[in-house]
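Participant: Any chance you could fold what I've pasted below:
(one chain, ligands or ions: 1)
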Amino acid sequence: MAKIELKNLKKYFGNVKAVDDVSLNINDGEFVVFLGPSGCGKTTTLLMLAGIYKPTSGEILFDDQLVNEVPPKDREIGMVFQSYALYPHMTLYENIAFPLLAKKMPKDIIDKKIRDVTKNLDIGKLLDRKPNQISGGQQQRVAIARALVKEPKILLFDEPLSNLDAALRAYMRAEIKKLQHDLGITSVYVTHDQVEAMTMADRIAVFNKGKLMQFDTPNNIYNEPKNVFVAKFVGTPSMNILDVEIENLHNRIFIKIEKDILFEIEDENMKNKIEKINTKKVVMGIRPEDIKISFKKENNNSFRSKVYILEPLGREIIYNIKLGNNIFRIISDEKYDLKLEETVYLTFPKIGFHLFDKESGKNLLF
Ligand code: ATP
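Facilitator: Okay, here's the model as predicted:
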């Protein structure tokens, strides 16, 4: 186990600021996921942790020791890649033994370690086979076994499940989480899949364009996104985002969605927060599960709308409903019998929405 500290970490490739001033602390035994779209700098950060890339500037510390100059082999890390990177001509046993043979460890000790590590991963009976004689999921387990057998202080995963089909991915997600929990090895896991991040992580670091957007628990990332990027990136279907205006009329506060569609803020605490915002034009975000559909007007914050299209998912339905010029996506397990173009009402939540700054994207309510 080890704690990790990144201080003002930067990696530039010529003009490309792949990682741009990232600072974060990872606790002993924590499972941290680096999440973000392609090209956001998450893999570059992971490769700096591994020692494969040297930072342009900044510091990497493992247990308070600066490791910037420590070569990969001396960092006590285990790495699991998307491609598995198994040697095709070796048996699984030989593949897993490889890093220990390289350290010139006695054969009987290697054997015991391999038996121990493969028992947990359910591949103990396959060890005589070659990589092309087992499934993708099993290959991924062998890659994990090879990383674990070195008894690393830190485990680094680079999109390890992207080559697997959806069912196996979901299964392996839970397996890796359980294994990490049982072993308690500090782990950093890179993915662009927000479901993987939400389900597996103790904390998620969301990256965009080389910058750290938010580093927080999955719950806070979902419920208290610091900015519009995090709000949009996490959650399926993603948050409804629209330009609105704050209207202050005789001590009443409204969010003007468009002409004649005024959503009144009634919650006192929320009113106080909105009163402090000193711009009028802002961006509103509402999660698809926070808008209610009804056949009758429920209150002054229910707005007449039209059914645009329905997307059934089996257990739930995504309702696409047009209110004025905006189409809202609403998810519900309620099976309303709706026809296209039918009139319904959308009721907005009292507090379950966000307001973001139009320029900086910053959440103005936190
Ligand atoms: P992906 O999920 O596609 O791997 P990522 O978030 O991991 O994306 P990085 O691989 O860290 O992104 O890349 C961040 C940026 O740095 C990108 O713009 C990428 O093109 C650039 N980059 C990465 N590696 C190099 C390199 N060796 N040389 C030049 N530019 C690079």
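Participant: ok, now which ones touch the closest residue to the ligand within the stretch 101-250 of the chain?
Facilitator: Nearest residue of the stretch 101-250 of the chain to the ligand (C-beta to the nearest ligand atom) works out as His192 at 5.2 Å. Where you see a C-beta, it was placed from the backbone N, CA and C, and this is true even at glycine. For His192, the contact set (C-beta atoms under 8 Å, 6 or more residues apart in numbering) comprises Leu35, Gly36, Pro37, Ser38, Lys42, Glu159.
Participant: The second one: neighbour count?
Facilitator: Okay, so that is Gly36. 28 (other C-beta atoms under 10 Å).
Participant: so which strand or helix has the closest residue to it other than its chain neighbours?
Facilitator: Spatial nearest neighbour of Gly36, excluding adjacent residues (C-beta to C-beta, 6 or more residues apart in numbering): Phe207 at 3.6 Å. Using DSSP states H and E, Phe207 maps to strand 203-208.
Participant: Within the sheet, what are the partner strands of that strand, with directions?
Facilitator: strand 31-35 (parallel), strand 211-216 (antiparallel) (DSSP bridges).
Participant: of the contacts of His192, buried ones?
Facilitator: Neighbour-count burial (16 or more other C-beta atoms under 10 Å) applied to the contacts of His192 gives Leu35, Gly36, Lys42, Glu159.
Participant: Pairing partners for the closest residue to the third one other than its chain neighbours in the sheet, please.
Facilitator: So the one you mean is Lys42. Nearest residue to Lys42 in three dimensions, chain neighbours excluded: Phe34, at 3.9 Å (C-beta to C-beta, 6+ apart). Going by DSSP bridges, Phe34 is paired in beta bridges with Val190, Ala205.
Participant: Check Phe34 and give its pLDDT.
Facilitator: pLDDT, Phe34: 98.
Participant: Count the residues that sit near it.
Facilitator: Phe34: 30 neighbours (other C-beta under 10 Å).
Participant: Would you agree it is in contact with Tyr189?
Facilitator: Yes. Between Phe34 and Tyr189 there is a contact at 7.1 Å, judged by C-beta atoms under 8 Å.
Participant: Can you name the residues of this structure sitting close to the ligand?
Facilitator: Residues of the chain lying close to the ligand (C-beta under 6 Å from any ligand atom) are Phe13, Val16, Ala18, Gly36, Ser38, Gly39, Cys40, Gly41, Lys42, Thr43, Thr44, His192.
Participant: want to throw those residues into TSV with secondary structure?
Facilitator: As requested, the residues of the chain next to the ligand are arranged in TSV below (DSSP: H, G, I helix; E, B strand; the rest coil):
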residue	secondary structure
Phe13	strand
Val16	strand
Ala18	strand
Gly36	coil
Ser38	coil
Gly39	coil
Cys40	coil
Gly41	coil
Lys42	helix
Thr43	helix
Thr44	helix
His192	coil
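Participant: buried stuff in the strand or helix carrying Ile176?
Facilitator: If you go by DSSP H and E, Ile176 is part of helix 166-183. For helix 166-183, the neighbour count (16+ other C-beta under 10 Å) marks Leu168, Arg169, Met172, Arg173, Glu175, Ile176, Lys177, Leu179, Gln180, Leu183 as buried.
Participant: now the strands: where do they sit in the stretch 101-250 of the chain?
Facilitator: Under the criterion DSSP state E, counting those that start in this stretch, the stretch 101-250 of the chain carries strands at the ranges 154-158, 186-191, 203-208, 211-216, 240-249.
Participant: Now mean pLDDT and mean neighbour count too, for the ones you listed, in JSON lines please.
Facilitator: Output for these, formatted as JSON lines (pLDDT from 0 to 100; neighbours: other C-beta atoms under 10 Å):
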{"stretch": "strand 154-158", "mean pLDDT": "96", "mean neighbour count": "23"}
{"stretch": "strand 186-191", "mean pLDDT": "97", "mean neighbour count": "25"}
{"stretch": "strand 203-208", "mean pLDDT": "98", "mean neighbour count": "25"}
{"stretch": "strand 211-216", "mean pLDDT": "98", "mean neighbour count": "20"}
{"stretch": "strand 240-249", "mean pLDDT": "96", "mean neighbour count": "16"}
